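Structure, please.
(4 chains)
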There are 2 protein chains.
Amino acid sequence: MKGRKQKQVGRKAARPANVREALVRAKPPLELVLDKADIEGRVNVGLRDVARVAGVSTATVSRAINDPRLVSEELRTRIDSVIRHLGWVPDGAARALATRRSATIGAVFPTLTHGDFARAIQALQDELTQKGYTLLLACSEYKPEQEYRQARKLVERGVEALILVGEAHAPELTDFLLTRKVLYVNSFVYNPKTHGTCIGPDNRKALYRLTKYLIDLGHTRFGLVAQSTLNNDRAQARLQGVHDALAERGIAIQPSHVAEGYWGINEGRQLFRRVVANKPFPTAIICGNAYLTVGAMLESQAMGIRVPEQMSIVGYDDIEIMNELPIPITTVRVSSDEVGRRAARFLVGRLDGQAPDMNFECEAEIIARASSGPAPAG
Amino acid sequence: MKGRKQKQVGRKAARPANVREALVRAKPPLELVLDKADIEGRVNVGLRDVARVAGVSTATVSRAINDPRLVSEELRTRIDSVIRHLGWVPDGAARALATRRSATIGAVFPTLTHGDFARAIQALQDELTQKGYTLLLACSEYKPEQEYRQARKLVERGVEALILVGEAHAPELTDFLLTRKVLYVNSFVYNPKTHGTCIGPDNRKALYRLTKYLIDLGHTRFGLVAQSTLNNDRAQARLQGVHDALAERGIAIQPSHVAEGYWGINEGRQLFRRVVANKPFPTAIICGNAYLTVGAMLESQAMGIRVPEQMSIVGYDDIEIMNELPIPITTVRVSSDEVGRRAARFLVGRLDGQAPDMNFECEAEIIARASSGPAPAG
DNA sequence: TGACTTTATGTAAGCGGTTACATATGCGCC
DNA sequence: GGCGCATATGTAACCGCTTACATAAAGTCA
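Next comes the predicted model:
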């Protein structure tokens, strides 16, 4: 690194006494001193410079900014003004190193482009900022191995805790967290049986209940526009919920009425077409996420299917458009905000040595709208 | 801080020679040494421990991980295995402090919940990760003063550069960046006249052209479902573009045909109702952002207005649903990905001492769809 | 073969803060 | 007045890495 200056032997020894004492005694006009300090050649002002110019020790400056009560009124104001004039900003890395606290919390989300994750992140951030922490964010793109790498990097960056999504992680990651004793939480899931604290909805239960709701409406022929369960334990759990509810009533689902895909309105359309291609088509379609649902709904309308008279369509996740389409869609609402906020509070609490290690189940509420109704007669 | 151990006088002096030499000569089974190291009482393993266990100097370990070519094959593998066994993760803060490089870039976005910002952020992150940087993210919630605070905090955290959105910032922020000589870019805008590099579409021009496109279709009665211009220079510029185009043809817009609001489909609906309440209603409605547009479109359909026969509706920003509604919507497409990617490349380039300081205008393309057509006769 | 590179490693001084411990001063009270 | 204690400041040793400089060993070449 070429920026580094030549050895600065004697720096420490040469400076303090004379300069400082001169200052203390003479108290030259502040401006003058500042200019001098500027000129002196150091690229970045440091706490030491503040101390020198203010004529105090580094310890006092440090105290003045971290716990002002420890410093006399007079020095405090003097130091403050020097800081302002010098435009000094404390160096986070140095502070982190010295205190061994980074006041940073990391999060690895599959993606930012899902509205619910975005909302959770925003809530997370608000909450953390409020408590004096910073969020360090990374994306796994639904790849466990990338999740592992990112989490590692975050730990390397000194995060004091980690927020993950889901409960299924690469084994390396679990090992890593365990051996390093990293505090973390699995968000967007509720499954007390797995390792680690979890904060989120019980995905299985949510879809179990949604399915039962449809069964109670008399439906027996179901179709699934499912989200790929690859590397997505939430989607898996939801699917499980559907199957559990159906099995309970001895209802079988025809394989050709199940289509699995990723994400997006258009994808939803395609999958929907595939599902309804096999007559007699299902009277109830359950979709795996919000955008797939919107796609299914739009396609059903394009195909002239009457909803809910001929067919009920329900989804998961309650984004605004679910309620704004010509036929508002029945769905499951989970407060992503709450997930984010709770996760933040939990971790901060633990870091501050409070808060028991407790799982938290977020409400998953069925919002019944016009897209679902009784099964058509016959 | 109670975690700190008692003064460790003599630590440095006492350790190296004897222990190390013993190791080098004796080469006891690795496992044994590891246990010992574990037991030794230090909570976190550090590079020093790795060095000690591997029987080399700290410098060698450092080199082995940062520039392996400098270390002999033999030592390299020995060190690697010790690192793995010890589960050591280098301390980012210490490294940042020593190198005075954080390999971190900060970004302050108004919100994460806008799809285009989310996409830009994701692109940003991908690109940065690829180049070995980390993204530190913050939200301003459209408040300049919060933007300032967040940016400051990011600088404190040691970011080497900053990505902002828009060109209008709190004066304190501009000052701060200037005096601290922080590298930054204004994203999502293109206006070479302002201070700082900008990367994004020319918002004014984009809507100027969109408006002209409508004028060329024969429209003369315009309505605006505008996004609030408060603290949003992009929205302002877009509005300006509309006005410029209209002024050029001497077209006046009736004040009652302008409604301003924030965000959301529902908001779009309300604003749309307000605009069309004043007969004769406009034959062309220009909306300020994607969700307002969707709202306007849905409401127009709910009201039974025939689009585009009676009225053209156009928007800004091309999110998926714009193309999936029964009447696909004409809009302006800006590649948020590109904005993010370019911003990342630019900053990384500058940091590495390449890349000239150059503004970049992203294409803003008009995507003509079914929602716009010739003005109704008469 | 000896002076001169090159290559592999070690030594120790930082990086810019924090904080334990030492010191100095002021105050209350017997 | 002297003792104890609280308050305000200073001194300097760390935090866990990197890296300039020093050193030693192994080529290279005239």
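
burial count for A:Arg69?
Per other C-beta atoms under 10 Å in any protein chain shown, the neighbour tally for A:Arg69 reads 7. (Glycine included, C-beta is placed from N, CA and C.)

Kindly report the same for A:Thr330.
In terms of burial, A:Thr330 registers 24 neighbours under the definition other C-beta under 10 Å.

ok, which stretches of the stretch 1-150 of chain A are strands?
When secondary structure is read from DSSP state E, counting those that start in this stretch, the stretch 1-150 of chain A shows strands at A:104-109, A:134-139.

Throw these into TSV and include mean neighbour count, thanks.
TSV is the format used below for the strands of the stretch 1-150 of chain A (neighbours: other C-beta atoms under 10 Å in any protein chain shown):
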stretch	mean neighbour count
strand A:104-109	26
strand A:134-139	23
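
what about A:Leu164, which helix or strand?
Under DSSP states H and E, the secondary-structure element containing A:Leu164 is strand A:161-165.

can you list contacts of that strand?
With contact meaning C-beta atoms under 8 Å, 6 or more residues apart in numbering or on different chains, strand A:161-165 is reached by A:105-110, A:117, A:124, A:140, A:147, A:151, A:154-155, A:177, A:182-189, A:234, A:343, A:347, A:350-351.

do that again at 6 Å, thanks
In this structure, residues lying in contact with strand A:161-165 by C-beta atoms under 6 Å, 6 or more residues apart in numbering or on different chains are A:105-110, A:182-188, A:343, A:347.

returning to that earlier point: for the strands of the stretch 1-150 of chain A, which one sits closest to DNA strand D?
Judged by C-beta to the nearest atom of the strand, the one of those that comes nearest to DNA strand D is strand A:104-109, at 15.5 Å.

out of the strands of the stretch 1-150 of chain A, nearest to chain B?
Ranking the strands of the stretch 1-150 of chain A by proximity to chain B (C-beta to the nearest C-beta) places strand A:134-139 first, at 5.1 Å.

helices and strands around the closest one, which ones?
In this structure, strand A:134-139 makes packing contacts with strand A:104-109, judged by 3 or more C-beta pairs under 6 Å, 6 or more residues apart in numbering or on different chains; DSSP states H and E.

neighbours around A:Ala277, how many?
The local packing count at A:Ala277 equals 11, with neighbours defined by other C-beta under 10 Å.

and it, what pLDDT?
A:Ala277 carries a pLDDT value of 96.

Just read off the phi/psi values of it.
Backbone torsions for A:Ala277, taken as degrees, to the nearest 10, come to phi -70, psi -20.

before we move on, the earlier item: using PDB, write out every CA atom in the strand holding A:Leu164.
Only the C-alpha atoms of strand A:161-165 are listed here, as PDB (Å, rounded to 0.1, in the frame of the first residue of the first chain):
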ATOM      1  CA  ALA A 161     -25.800 -11.500  15.300                       C
ATOM      2  CA  LEU A 162     -27.400 -12.800  12.200                       C
ATOM      3  CA  ILE A 163     -30.900 -12.900  10.800                       C
ATOM      4  CA  LEU A 164     -31.500 -15.700   8.300                       C
ATOM      5  CA  VAL A 165     -34.600 -16.700   6.400                       C
END
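
If I take it and strand A:104-109, what angle do their directions form?
Angle of strand A:161-165 versus strand A:104-109, following axes from the mean of the first three to the mean of the last three C-alpha atoms, to 10 degrees, is 10 degrees.

Give me the sheet partners of strand A:161-165 and which way each runs.
Sheet pairing of strand A:161-165 (DSSP bridges) gives strand A:104-109 (parallel), strand A:183-187 (parallel).

Give the buried residues for stretch A:210-229.
Buried positions in stretch A:210-229, judged by neighbour count with 16 or more other C-beta atoms under 10 Å in any protein chain shown: A:210-215, A:217, A:219, A:221-227, A:229.

Name the member of those residues with the shortest distance to B:Gln130.
Sorting those by how near they are to B:Gln130, with C-beta to C-beta, puts A:Gln227 at the top with 27.6 Å.

partner residues bridging the closest one?
A:Gln227 has the following beta-bridge partners by DSSP bridges: A:Gly261.

need the contact list for it.
Under the contact definition (C-beta under 6 Å, 6+ apart), the residues listed for A:Gln227 are A:235, A:288-289.

again with A:Ser57
Residues in contact with A:Ser57 (C-beta under 6 Å, 6+ apart) are A:Ala51.

and it, what are its phi and psi?
When read as degrees, to the nearest 10, the backbone of A:Ser57 gives phi -90, psi 160.

For the stretch 251-378 of chain A, give the residue positioned nearest to DNA strand D.
Closest approach between the stretch 251-378 of chain A and DNA strand D, counting by C-beta to the nearest atom of the strand: A:Leu351, at 17.6 Å.

The nearest residue to that residue once chain neighbours are set aside: how many residues sit nearby?
The spatial neighbour of A:Leu351 that comes closest, neighbours along the chain excluded (C-beta to C-beta, 6 or more residues apart in numbering or on different chains), is A:Glu160 at 5.7 Å. Using other C-beta under 10 Å, A:Glu160 has 19 neighbouring residues.
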